[in-house]
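Asks: The sequence and its predicted three-dimensional model are supplied below.
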Amino acid sequence: MISCLQGFANSIPARASSLVAVASIAVAVICATGIAAFAGLLPASDDVAVAVTVTPLIDMQIDAYVKRVAAMD
């Protein structure tokens with residue numbers, strides 16, 4: 001099994017391997033930046049998680065409540 005994989009690894013051009021490595025590093029950096037923003041670790045990300053997740057949820061609940069009360073009248 002290992003010898004089969006070694007032959008496959010040798011057939012991949014170096015340029016393709018480096019492209020995959022750069023792409024995977026870019027994805028990791030983007031994910032880490034997003035996690036840091038939600039955790040509030042970035043200077044301009046104060047309360048990003050609250051603004052993104054809680055506010056729309058509260059707005060939806062208020063809208064549903066107002067519609068329900070209006071339907072009762």
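Replies: Looks like it came in fine. Please read these numbers as outputs of a predicted model, since none were measured by experiment.
Asks: only C-alpha atoms for contact and neighbour calcs from this point on.
Replies: OK.
Asks: Does anything pack onto the helix or strand hosting V27? Which helices or strands?
Replies: Secondary structure assignment for V27, by DSSP states H and E: helix 14-39. The contact analysis (3 or more C-alpha pairs under 8 Å, 6 or more residues apart in numbering; DSSP states H and E) places helix 14-39 against helix 48-49.
Asks: for the record, mean pLDDT for the helix it packs on?
Replies: Average pLDDT, helix 48-49: 60.
Asks: related to what we said a few turns ago, how about the helix holding V27: buried residues?
Replies: For helix 14-39, burial by neighbour count (16 or more other C-alpha atoms under 10 Å) applies to A37, F38.
Asks: Give me the mean pLDDT for that helix.
Replies: pLDDT averaged over helix 14-39 gives 87.
Asks: what do you get for stretch 60-69?
Replies: 83.
Asks: Only the C-alpha atoms, please, for it, written as PDB.
Replies: Extracted as PDB, the C-alpha positions of stretch 60-69 are listed here (Å, rounded to 0.1, in the frame of the first residue of the first chain):
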ATOM      1  CA  MET A  60     -37.000  37.800  14.100                       C
ATOM      2  CA  GLN A  61     -38.500  37.000  17.500                       C
ATOM      3  CA  ILE A  62     -39.900  40.500  17.900                       C
ATOM      4  CA  ASP A  63     -41.400  40.500  14.400                       C
ATOM      5  CA  ALA A  64     -43.000  37.100  15.100                       C
ATOM      6  CA  TYR A  65     -44.400  38.400  18.400                       C
ATOM      7  CA  VAL A  66     -45.800  41.600  16.800                       C
ATOM      8  CA  LYS A  67     -47.500  39.500  14.000                       C
ATOM      9  CA  ARG A  68     -49.000  37.100  16.600                       C
ATOM     10  CA  VAL A  69     -50.300  39.900  18.700                       C
END
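Asks: got a list of contacts for that stretch?
Replies: For stretch 60-69, there are no external contacting residues (C-alpha atoms under 8 Å, 6 or more residues apart in numbering).
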